[in-house]
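Trainee: could you work out the structure for the sequence below:
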Amino acid sequence: WWATAHRWRQFCLLSTVPAVLNTLSVAAVSPIVAACYGVTVSGLFAFATRILTLPTALVGQAVSAVLYPKLAQLDRDGGDLRDAVDRTASGLAMLAVPCFGLVAVAGPELFAAAFGDRWRQAGVLAAVLAPWLAASFVSSPLSTLMTVKNELRRLLLLSGVETAVRVGSLAVGVAGGGPTVGVACYAAAGTVISVYYVRWSLHLVGVPLRVWLRHRWLFLSAAGVSYPLLLAVKGHVSGLLFAAGVVVVTVGMLGSAAGWLYRQAPARSTGQATAKQPAAVSG
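Mentor: Coordinates of the predicted model:
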């Protein structure tokens, strides 16, 4: 009994502290931004992160709620977790790339159109944050695997490093470059850590990151060429032509993602498509 109680005490401690650190790293950002760059920039930063993280958090929590019991059951039964983790990471990535790619190339315009021109600068910060939020969108639900695999000590250590690096990186812009540079460093640190989480998750189930990337190379290559190209021509072509290019690329990427997700869905039973047999008439 005592051993079981001690084990559960350790589990609660090791699983709660990373969540607290993550909450602190998010809650502490706005005051640090205000101290480094002023209240106005802090308000713009808070608004941009709130707009982008609210829908992604809802999706991430929904995916985690489904993924965790599935992985736990497979692990208890000695099943293969590779397919579930691989497909989850792939599906999340294929949704994240076009959604946050759109923000990365047209964030200022989107925020100005939706909330007014005075929020255009918040859209600039949103565009800078987009790569990190895309990577976090993939890594966050996968972090439930660390609990299943009892990797909580390592998760605790990584959460501490993540909090220190993300918060500390904001001060880089003070030395030179201004708030956009500081936010870019914050986003870069978050992107690196989120990619490491994805790599770690895939490694735990025996899928090397390079193999996973190779299987998605066509989709990722298309995004890796299209969105930087749109950024390169932005300001050098008419606004209408740029908007058309953004729409074509984003709709194409979302269509590709939707097609992939549809193919992954379990096939419906053929029996459901057949008409019911008429009931026999008595008498």
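
Trainee: can I assume Ser139 is in contact with Tyr197?
Mentor: Yes - applying C-beta atoms under 8 Å as the test, Ser139 and Tyr197 come out as touching, 3.7 Å apart. Where you see a C-beta, it was placed from the backbone N, CA and C, and this is true even at glycine.

Trainee: Ala234 and Ala96, how far apart?
Mentor: You called it Ala, but residue 234 is Lys. Relative to Ala96, Lys234 is positioned 21 Å away (C-beta to C-beta, to the nearest Å).

Trainee: who has more neighbours, these two?
Mentor: Ala96 (22 against 16; other C-beta atoms under 10 Å).

Trainee: report pLDDT for the more buried one.
Mentor: You'll see Ala96 listed with a pLDDT of 95.

Trainee: give me the distance between it and Trp119.
Mentor: The separation that Ala96 has from Trp119, given C-beta to C-beta, amounts to 23 Å.

Trainee: repeat that for Pro108.
Mentor: Counting by C-beta to C-beta, the gap from Pro108 to Trp119 is 9 Å.

Trainee: what does Ile51 give?
Mentor: Using C-beta to C-beta, one gets 9 Å for the distance from Ile51 to Trp119.

Trainee: now do Leu52
Mentor: In terms of C-beta to C-beta, Leu52 sits 13 Å off from Trp119.

Trainee: also Ala62?
Mentor: From Ala62 to Trp119 the distance is 28 Å (C-beta to C-beta).

Trainee: more neighbours: these two, which one.
Mentor: Between Ala62 and Trp119, Trp119 has the larger neighbour count (other C-beta under 10 Å), namely 21 against 11.

Trainee: now do the contacts for Thr56.
Mentor: Leu133, Ser136, Phe137 (C-beta atoms under 8 Å, 6 or more residues apart in numbering).

Trainee: how about 10 Å then?
Mentor: By C-beta atoms under 10 Å, 6 or more residues apart in numbering, the contact set of Thr56 is Leu92, Leu95, Ala96, Cys99, Phe100, Leu133, Ala134, Ser136, Phe137, Ser140.

Trainee: check which helix or strand the closest residue to Val97 other than its chain neighbours maps to.
Mentor: What sits nearest to Val97 in space, not counting adjacent residues and going by C-beta to C-beta, 6 or more residues apart in numbering, is Ala223, at 4.7 Å. Assessed by DSSP states H and E, Ala223 sits inside helix 217-233.

Trainee: sorry, back to before: which two of the contacts of Thr56 have the greatest separation?
Mentor: Cys99 and Ser140 (14.5 Å; C-beta to C-beta).

Trainee: returning to that earlier point: which neighbours do Pro108 and Trp119 have in common?
Mentor: With C-beta under 10 Å, 6+ apart as the test, Pro108 and Trp119 both reach Ala126.

Trainee: I'd guessed Pro69 sits against Thr144; true?
Mentor: Yes - between Pro69 and Thr144 there is a contact under C-beta atoms under 10 Å: 9.3 Å.

Trainee: how about low-confidence regions in this protein?
Mentor: 1-28, 266-283 (pLDDT under 70).

Trainee: need the longest helix for it.
Mentor: helix 39-76 (DSSP state H).

Trainee: distance-wise, check the most centrally placed residue in the chain relative to Arg210.
Mentor: For the chain, Phe137 is the residue whose C-alpha lies nearest the centre (C-alpha atoms, centre = their mean; 1.0 Å). Distance, Phe137 to Arg210, by C-beta to C-beta: 21 Å.

Trainee: ok, Phe242 next?
Mentor: From Phe242 to Arg210 the distance is 34 Å (C-beta to C-beta).

Trainee: which of these two has more neighbours?
Mentor: Just comparing Phe242 and Arg210: by other C-beta under 10 Å the higher neighbour count belongs to Phe242, 18 against 9.

Trainee: wouldn't that one be in contact with His236 here?
Mentor: Yes - Phe242 lies in contact with His236 (C-beta under 10 Å); the separation is 8.8 Å.

Trainee: residues in contact with the helix holding Ala223?
Mentor: The contact list for helix 217-233 (C-beta under 10 Å, 6+ apart) reads 90, 93-94, 96-98, 100-102, 104-106, 127, 130, 134, 213-214, 216, 237, 241-242, 245-246, 248-250, 252-253, 256-257, 260.
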